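**Q** sharing a sequence plus its predicted fold:
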Amino acid sequence: VHLTESGGGVVQTGGSLRLSCAASTPAFSSYAMAWFRQAPGKEREFVGRFDWGGNIYYADFVKGRFTISRDNVKDTVSLQMNSLKPEDTALYYCAAEFRGEGWGRNPLQYDFWGQGTQVTVSS
């Protein structure tokens with residue numbers, strides 16, 4: 001499975017970005033899809049996940065600012081990010097876990113990763 005993220009860029013504080021991740025598999029609906037991020041010098045951090053059962057989970061820091069959605073026809077998962085803050089600056093990755101259920105906060109659970117897309121929020 002090949003995952004390709006897009007949509008990153010530079011935005012001012014309070015702005016919005018929409019990230020997308022396209023998957024190259026006809027079995028897309030069998031995967032839990034998650035977003036992680038990694039800032040320089042920090043560990044990879046869970047952002048949110050749409051699991052195989054259709055449940056959605058978000059990290060506490062999201063606090064209603066981010067929304068994950070998926071399209072099982074187009075084989076894509078998206079992350080709508082609003083009210084962005086400088087501390088949201090990071091490389092954002094999508095990840096796939098076959099038939100994953102629950103929170104999925106541990107990066108080691110995932111079978112496939114994209115290459116990442118950079119999000120920079122200026123103050």
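**A** Great, that's in hand. This is a predicted model, so every value here is computed, not measured.
**Q** in PDB, list the C-alpha atoms belonging to stretch 33-46.
**A** Coordinates of each C-alpha in stretch 33-46 appear next as PDB, following Å, rounded to 0.1, in the frame of the first residue of the first chain:
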ATOM      1  CA  MET A  33      -6.300   5.500   8.800                       C
ATOM      2  CA  ALA A  34      -4.500   7.800  11.100                       C
ATOM      3  CA  TRP A  35      -2.700  11.100  11.100                       C
ATOM      4  CA  PHE A  36       0.500  11.700  13.100                       C
ATOM      5  CA  ARG A  37       2.900  14.600  13.200                       C
ATOM      6  CA  GLN A  38       6.500  15.100  14.100                       C
ATOM      7  CA  ALA A  39       8.200  18.400  14.900                       C
ATOM      8  CA  PRO A  40      12.000  18.800  14.800                       C
ATOM      9  CA  GLY A  41      13.600  17.200  17.800                       C
ATOM     10  CA  LYS A  42      10.300  15.600  19.000                       C
ATOM     11  CA  GLU A  43       8.800  12.200  18.800                       C
ATOM     12  CA  ARG A  44       6.100  11.300  16.400                       C
ATOM     13  CA  GLU A  45       2.700  12.300  17.900                       C
ATOM     14  CA  PHE A  46      -0.700  10.900  17.300                       C
END
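**Q** which residues touch that stretch?
**A** Counting by Cβ atoms under 8 Å, 6 or more residues apart in numbering, stretch 33-46 makes contact with 19, 21, 23, 47-50, 59, 68, 70, 77, 79, 88-97, 100, 103-105, 107, 110, 116, 119, all of which sit outside it. Heads up, the C-betas are built off the backbone N, CA and C, glycines and all.
**Q** let's see which of those end up in strands.
**A** With strands defined by DSSP state E, the entries of the contacts of stretch 33-46 inside them are 19, 21, 23, 47-50, 68, 70, 77, 79, 90-97, 119.
**Q** parallel or antiparallel, list what pairs with the helix or strand hosting residue 11.
**A** Under the criterion DSSP states H and E, the helix or strand holding residue 11 is strand 9-12. Sheet pairing of strand 9-12 (DSSP bridges) gives strand 117-122 (parallel).
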